[in-house]
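In: What follows is a protein structure lacking sequence information:
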């Protein structure tokens, strides 16, 4: 691509969205090609490709096999916890998906029915997702290992016809039993399903037979037994506006919000993004080191790579501990990974355990072209560490569960732009971003404010919340009329680069001065002894709030806490100024995080302020929160 292609494409997406997205839709296989891109008759509830019909599974599998690429590798299952690898060609994956679609059909699942998938990172998770799409059913993946009450709330909301689960998940130091959780969730929800299908795994204490009929009579059936006699089914064309899946995200009221992704918009947006953002095409290997329970797993473990005809890696393991901090480099080397997508917290964990990246030398990672990061802001120190050792472009990009794909990115397949540390670069075509104050008024370059996106959102983003258009509007569209409120704060520089500083509730007020905790974290994290940190605003009688930092040291590094605090205070004073009134930095062993790697800053702040709080269901290790509690309330 020649210079200027990004600018031309971006302007075209805003001035002629109809033409832009109909052209993008040409890359998708339709049973009825859309003649219109945008339906705005029920604005702000927009719909994309309203007269189009297609099937997502057929786009991900059937068309590649029909084009003669059946023997191309579609999926590589790499289980670091079990020490095994399994490869699926497009033909094999299509066979298993079409047969499991037949299993679901035999269980009475029809077009429009919901199916909850409560599964670990095993091939059956990918197969079940695509099988649902094949028959027009709506899947809702619940992260494996969620507590029964959390699973029950999703069962109540989605009212699934069938639940698909497994014996359990394998962690580096333990096994997590799933079947008792499913049984309890069904009892708590009071919802009757037609059946529970269990992918049985060795080494778990509970088997499906002990629960068969226990929860009000639902049969608990064996995945393998059902697949042995299953009849394959053909893909069912659905409307582009029909839901592809529901993915739950935490709600402010405690009730989970079911983000609805439509079929046509998702297929078009993800196909466009694979070529233009990630620069990944047919036969190339992409590894997204996430989980299918998160949006990243939906978009770039399952649908995106397969829509593009690429090879996707399904990794059951951790960045460290399976067996060491060289696990990621081993996977890249073993499978010829060209594009790696992970969370900054994974990179920080690797860096903490192996600060000099000495384990990298044990593996040939020359296949790697690009490292993408998302999920939390990529701090400049971690960015520089990864870029220095991997010697490939390290690309931060920003998006949300709600958007389903990147809001801001460096478009590597369209026009790679200069990378600025700390920025996810520029808005992606289709996203009209504004930085506004609390009243919705635009702010000048360099001034931090609320990041909002002008409606309509592009294809592939959420169309509503399951069962409640009103909650969708009140949650996202009411704060700034005509805009989607991202809930994040940030600014744009004079070159148009976006800097995302954190959630809007991470902006603190110190003696009347609004400060971003993300900016303070960036400074604290630059200290050579600090592996990672979290800065929270703690209530202060005199100044309203004060910034407290909680830091984790790099592996093998020791520091006198008082001396380190003095150094960090001086660093913040130099880089941000005395206005920050930064005085407290506490060394801790670890920071509490969700399973997707996000630091629980809000929970930490609530504990520090003595407020009531609920431990999030997504927490990775509750013991870490218990350990840090005394430091939060000294």
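Out: Nice, thanks for sending it over. Model, not experiment: these values are computed from the prediction. Numbers count the residues shown, from 1 in each chain.
In: switch to C-alpha atoms for all contacts and neighbour counts from now on
Out: Will do.
In: On the C-terminal side of the lowest-mean-pLDDT helix or strand in the chain, identify the next helix or strand.
Out: Using mean pLDDT, DSSP states H and E, the weakest-scoring helix or strand in the chain turns out to be strand 513-516, at a mean of 67. The helix or strand immediately downstream of strand 513-516 is helix 517-524, counting by DSSP states H and E.
In: I'd like to know which elements the next helix or strand after that following helix is packed against.
Out: Following helix 517-524 in sequence order, the next helix or strand is strand 530-540 (DSSP H and E). Counting contacts by 3 or more CA pairs under 8 Å, 6 or more residues apart in numbering; DSSP states H and E, the secondary-structure elements packed against strand 530-540 are helix 344-353, helix 517-524, strand 544-553, helix 601-608.
In: which stretch in the ones you listed is the model least sure about?
Out: Lowest mean pLDDT within the helices and strands packed on strand 530-540: helix 517-524, a mean of 85.
In: What lies in contact with that helix?
Out: 379-381, 501-502, 506-508, 530, 533-537, 547, 549, 568, 571-572, 575-576 (CA atoms under 8 Å, 6 or more residues apart in numbering).
In: quick one: that helix to strand 530-540, angle?
Out: Taking axes from the mean of the first three to the mean of the last three CA atoms, to 10 degrees, one finds helix 517-524 and strand 530-540 inclined to each other by 140 degrees.
In: Please convert the buried members of the contacts of helix 517-524 into PyMOL selection syntax.
Out: Filtering the contacts of helix 517-524 down to the buried ones (16 or more other CA atoms under 10 Å) takes a single PyMOL command:
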select buried, resi 379+380+381+501+502+506+507+508+530+533+534+535+536+537+547+549+568+571+572+576
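In: circling back to that earlier point, can you redo the helices and strands packed on strand 530-540 as JSON lines with distance to residue 563?
Out: Written out in JSON lines, the entries for the helices and strands packed on strand 530-540 read as follows (distance: least, CA to CA, whole Å):
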{"stretch": "helix 344-353", "distance to residue 563": "21"}
{"stretch": "helix 517-524", "distance to residue 563": "14"}
{"stretch": "strand 544-553", "distance to residue 563": "13"}
{"stretch": "helix 601-608", "distance to residue 563": "23"}
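In: Nearest to residue 448 among those would be which one?
Out: With distances scored as CA to CA, the stretch of these nearest to residue 448 is helix 517-524 (10.9 Å).
In: Please compute how far that closest one lies from its chain's middle.
Out: Using CA atoms, centre = their mean, to the nearest Å, the distance from the centre of helix 517-524 to the centre of the chain it belongs to is 23 Å.
In: now it against strand 544-553, angle please.
Out: Using the same axes, to 10 degrees, the direction of helix 517-524 lies 40 degrees away from that of strand 544-553.
In: Could you list the domains of this protein?
Out: Following automatic domain parsing, the chain resolves into domains at 5-317+397-489, 511-632.
In: Would you work out how far apart the start and end of the first one are?
Out: Read that as domain 5-317+397-489. Taking CA to CA, to the nearest Å, the span from the opening residue of domain 5-317+397-489 to its closing residue is 28 Å.
In: Quick check: mean pLDDT of that domain?
Out: Per-residue pLDDT values across domain 5-317+397-489 average out to 95.
In: how far does that domain sit from the chain's center?
Out: Its chain's C-alpha centre and that of domain 5-317+397-489 lie 10 Å apart, by CA atoms, centre = their mean.
In: And for the last one?
Out: Centre-to-centre, domain 511-632 and its host chain are 24 Å apart (CA atoms, centre = their mean).
In: got a list of what residue 376 touches?
Out: Residues touching residue 376, when contacts are defined by CA under 8 Å, 6+ apart, comprise 343-345, 597-598.
In: if you set the cut-off to 10 Å instead, what comes out?
Out: The neighbours of residue 376, taking CA atoms under 10 Å, 6 or more residues apart in numbering as the test, are 343-345, 396-399, 500-502, 596-599.
In: wait, which of these is closest to residue 207?
Out: For those, the nearest to residue 207 is residue 596 (28.3 Å; CA to CA).
In: okay, the closest one: pLDDT?
Out: On pLDDT, residue 596 comes in at 69.
In: if we can go back for a sec, now, the contacts of residue 376 that are in helices?
Out: With helices taken from DSSP state H, the overlap with these comprises 344-345.
In: which one of the contacts of residue 376 is nearest residue 239?
Out: Proximity of the contacts of residue 376 to residue 239 (CA to CA) peaks at residue 399, which lies at 25.9 Å.
In: Endpoints of stretch 317-334, how far apart?
Out: Terminal residues of stretch 317-334 are spaced 15 Å apart (CA to CA).
In: the longest helix in this structure is where?
Out: Per DSSP H, the chain has its longest helix at helix 90-106.
In: Could you identify which of the contacts of residue 376 has the most neighbours?
Out: Neighbours here mean other CA atoms under 10 Å. Within these, the largest count is held by residue 396, at 29 neighbours.
In: Against residue 325, how distant is it?
Out: Residue 396 is 21 Å from residue 325, where distance means CA to CA.
In: With residue 367 instead?
Out: Taking CA to CA, one finds residue 367 at 19 Å from residue 325.
In: Have a look at these two and say which one is more surrounded.
Out: In this comparison of residue 367 against residue 325, neighbours counted by other CA under 10 Å, the higher total goes to residue 325 at 25 against 14.
In: Nearest residue to that one in space, please, no chain neighbours.
Out: residue 350 (5.2 Å; CA to CA, 6 or more residues apart in numbering).
In: mind listing the strands for the stretch 451-600 of the chain?
Out: Secondary structure of the stretch 451-600 of the chain by DSSP state E, counting those that start in this stretch: the strands cover 464-465, 483-492, 498-503, 507-510, 513-516, 530-540, 544-553, 584-587.
In: Which of these sits closest to residue 174?
Out: strand 544-553 (24.7 Å).
In: and the angle for the closest one with helix 344-353?
Out: Between the axes of strand 544-553 and helix 344-353, defined by the same axes, to 10 degrees, the angle is 50 degrees.
In: buried stuff in strand 544-553?
Out: Taking 16+ other CA under 10 Å as the basis for neighbour counts, the residues of strand 544-553 that come out buried are 545-553.
In: Check residue 615 and give its pLDDT.
Out: Per-residue confidence (pLDDT) for residue 615: 84.
In: for it, what are its contacts?
Out: Applying CA under 10 Å, 6+ apart, the residues near residue 615 are 600, 603, 622, 625.
In: what does residue 437 give?
Out: Residue 437 makes contact with 443, 447-452, 480, 489, according to CA under 10 Å, 6+ apart.
In: Same check on residue 625?
Out: Taking CA under 10 Å, 6+ apart as the criterion, residue 625 is in contact with 590-593, 600, 603-604, 607, 615, 619, 632.
In: repeat for residue 73
Out: Counting by CA under 10 Å, 6+ apart, residue 73 touches 87-93, 283-285, 309-312.
In: again, only using 8 Å
Out: Contacts of residue 73 by CA under 8 Å, 6+ apart are 87-90, 283, 310-311.
In: Now name the helix or strand holding residue 9.
Out: Using DSSP H and E, residue 9 maps to helix 5-15.
In: Following element in sequence after that helix, please.
Out: Next along the chain after helix 5-15, taking DSSP H and E as the criterion, comes helix 17-25.
In: residue ranges of the helices in the stretch 201-350 of the chain, please?
Out: Counting by DSSP state H, counting those that start in this stretch, the segments of the stretch 201-350 of the chain that form helices are 223-228, 263-276, 295-297, 304-307, 327-335, 344-353.
In: which of these sits most buried?
Out: Scoring the helices of the stretch 201-350 of the chain by mean neighbour count under mean count of other CA atoms under 10 Å gives helix 304-307 as the most buried, with a mean of 28.
In: what sits up against it?
Out: Contact partners of helix 304-307, identified using CA under 8 Å, 6+ apart, comprise 59-61, 74, 267, 270-271, 274, 280, 286, 311-312.
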